[in-house]
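[1] Generate a structure from the sequence data that follows.
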Amino acid sequence: MNNGDQRRLNGEIEEDEEGEENNDGLAAWERAYANERSWESLQEDESGLLRPIDNQSLHHAQYRRRLRAATTARIQKGLIRYLYIVIDLSKAASEMDFRPSRMGVVAKHVEAFIREYFYQNPLSQVGLVTIKDGVAHILTDLGGSPESHVKALMGKLECSGDASLQNALDLVQGYLNQIPSYGHREVLIMYSALSTCDPGDIMETIQKCKKSKIRCSVIGLSAEIFICKHLCQETGGSYYIALDESHLKDLILEHAPPPPAIAEFAIANLIKMGFPQRAAESSVAICSCHKEAKVGDGYTCPRCKARVCELPTECRICGLTLISSPHLARSYHHLFPIVPFDEVSMSLFSDQQNKLPKACFGCQQSLLGPGNKPGLRVACPKCKQHFCLDCDIYIHESLHNCPGCDSTRHSKIPAANEGG
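    Presented below is the predicted three-dimensional model:
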């Protein structure tokens, strides 16, 4: 065989490999699963023809329903939260009705939830608890570092034995009882089993959680269970069953924003907080978190001068809550959320006197659809600027400021200075 034939064969092999890689990077069984029930992605239009479902519009409609439901009333919310995530690692978590398994899907979405939780709740803390072999184990203590929680979770993904809901509730209730009165105590349980193997009366444990003002919520990966529903009803939490992986992701992320405050905890409290300074790069000190000597990295407590590794946290020496000013600023938008934007009525487009903008005020992309037909858009009720659907979601979920209102406010300041 000459070099030309060898190169031609190698080229054919490389093309075949590229063709397999270009198939969305999925294995054979994953492609079959992804294409299953493909008829559900079609809908019938007015003329009786089948057309693909507009997923963007559906997603935006669901988002706007959640946004309006959250802003229909001014509800006091808990900004300093202490949340334990209880993950069921019993043998039921190894079931493969979620691909590749319930355990793998839960771990992936819990990791995303932890990062989103700390982004929306910079003053709050999270702890991880696992259930397997009928015993509840503390995986991580309450803390403010997402990386340490994710690292600990990914290193302990093993399924065995039965689940014990009572043991998990007793464990987290003992820890959350020590939380100060201004902290909001919560438990989120990712439950895969269809039963619970308990050593005593779980009804007494549920009443203890209720008395301790612990809000318990459950996301089930199998059928509905009475004891989980009773737990959530008694403690004021929520109970949902995940239908598929995308539904599971939505259910978990719904717990990221601060929930409404319990009436007994809705009293205003003054909380002492410290704003530590970052340690010099060449300084050497013993970290109070890990009891190790570290160079440079860390922060110094303004009260007792102890060294801590990360913020936010509680000083191990004097008990002072330590935060940074950006953490406090990120919590501000929950107190004064942006009002939902109004959907622009299609009747306005037919009126020639209304000269509506053709581009989104945020991203400057065209608001016109195919054939220069007007597309879906929303308008701020205050500044009347028009935005596309993507910018609407970005403004309310990430930016927390209206660009139109801010530009109007900044333009008035120089005019006032010139007039003076």
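
[2] list the contacts for Pro381?
    Pro381 sits next to Val339, Phe341, Asp342 when contact means C-beta atoms under 8 Å, 6 or more residues apart in numbering. Bear in mind the C-beta positions are built from the backbone N, C-alpha and C, glycine included.

[3] list the helices and strands the host helix or strand of Ser246 packs on?
    In this assignment (DSSP states H and E), Ser246 forms part of helix 245-253. Counting contacts by 3 or more C-beta pairs under 8 Å, 6 or more residues apart in numbering; DSSP states H and E, helix 245-253 is packed against helix 102-120, strand 214-220.

[4] who touches the very next helix or strand once past that helix?
    Sequence-wise, the next helix or strand downstream of helix 245-253 (DSSP H and E) is strand 273-274. Surrounding strand 273-274, the residues in contact under the criterion C-beta under 8 Å, 6+ apart are Cys301, Pro302, Arg303, Cys315, Leu320, Thr321, Leu322, Ile323.

[5] Using a markdown table, lay out those together with pLDDT.
    Compiled in a markdown table, the contacts of strand 273-274 are given as follows (pLDDT from 0 to 100):
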| residue | pLDDT |
| --- | --- |
| Cys301 | 92 |
| Pro302 | 92 |
| Arg303 | 93 |
| Cys315 | 87 |
| Leu320 | 89 |
| Thr321 | 86 |
| Leu322 | 88 |
| Ile323 | 87 |
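
[6] out of those, which are buried?
    Listed as buried from these are Cys301, Cys315, Leu320, Thr321, Leu322, Ile323; burial here means 16 or more other C-beta atoms under 10 Å.

[7] The second one reaches Lys305, doesn't it?
    No: with contact defined as C-beta atoms under 8 Å, Cys315 and Lys305 do not form a contacting pair (10.0 Å).

[8] re earlier: can you say which of the helices and strands packed on helix 245-253 is nearest to Cys391?
    Nearest to Cys391, of all those, is helix 102-120, at 19.2 Å by C-beta to C-beta.

[9] by contact count, what packs against the helix or strand following that closest one?
    Sequence order places strand 125-132 as the next helix or strand after helix 102-120, per DSSP H and E. Helices and strands touching strand 125-132, by 3+ C-beta pairs under 8 Å, 6+ apart, are strand 81-88, helix 102-120, strand 135-143, helix 146-154, helix 165-176.

[10] which of the ones you listed sits most buried?
    Compared across the helices and strands packed on strand 125-132, strand 81-88 shows the largest average neighbour count, a mean of 25 (mean count of other C-beta atoms under 10 Å).

[11] That one pairs with which strands?
    Strand pairing for strand 81-88, using DSSP bridges, gives strand 125-132 (parallel), strand 184-191 (parallel).

[12] quick revisit: closest to Asp392 among the contacts of Pro381?
    Using C-beta to C-beta, the shortest approach to Asp392 within the contacts of Pro381 belongs to Phe341, at 5.5 Å.

[13] Which residue is the nearest non-sequential neighbour of that closest one?
    Spatial nearest neighbour of Phe341, chain neighbours left out: Val378 (3.8 Å); criterion: C-beta to C-beta, 6 or more residues apart in numbering.

[14] low pLDDT regions in the stretch 301-420 of the chain?
    335, 349-354, 410-420 (pLDDT under 70).

[15] Please enumerate the helices of it.
    All helices of the stretch 301-420 of the chain, identified by DSSP state H, counting those that start in this stretch, fall at 325-330, 347-350, 389-394, 403-419.

[16] got the buried residues for stretch 185-198?
    Arg185, Glu186, Val187, Leu188, Ile189, Met190, Tyr191, Ser192, Ala193, Thr196, Cys197, Asp198.

[17] Same list (those residues) but as a markdown table, adding distance to Lys108 and pLDDT.
    Converted to a markdown table, the buried residues of stretch 185-198 look like this (distance: C-beta to C-beta, whole Å; pLDDT from 0 to 100):
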| residue | distance to Lys108 | pLDDT |
| --- | --- | --- |
| Arg185 | 26 | 93 |
| Glu186 | 22 | 95 |
| Val187 | 21 | 97 |
| Leu188 | 16 | 97 |
| Ile189 | 18 | 97 |
| Met190 | 12 | 97 |
| Tyr191 | 17 | 97 |
| Ser192 | 14 | 95 |
| Ala193 | 20 | 95 |
| Thr196 | 25 | 95 |
| Cys197 | 27 | 94 |
| Asp198 | 29 | 95 |
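
[18] hang on, the earlier thing: and the contacts of strand 273-274, which is closest to Ile202?
    Checking these against Ile202 by C-beta to C-beta gives Thr321 as the nearest, at 34.1 Å.

[19] Verify the stated contact: that closest one with Lys272.
    Yes: counting by C-beta under 8 Å, Thr321 does reach Lys272; the two are 6.9 Å apart.

[20] Give me the residues contacting stretch 360-379.
    Contact partners of stretch 360-379, identified using C-beta under 8 Å, 6+ apart, comprise 57, 60, 341-344, 346, 349, 356-359, 385-392, 394-395, 403-404.

[21] ok, of those, which come out buried?
    Neighbour counting with 16+ other C-beta under 10 Å marks 60, 341, 344, 385-389, 391-392, 395, 403-404 as buried within those.

[22] ok, so of those residues, who is nearest Arg115?
    Arg115 lies nearest to Ile395 out of the buried ones among the contacts of stretch 360-379, by C-beta to C-beta, at 20.7 Å.
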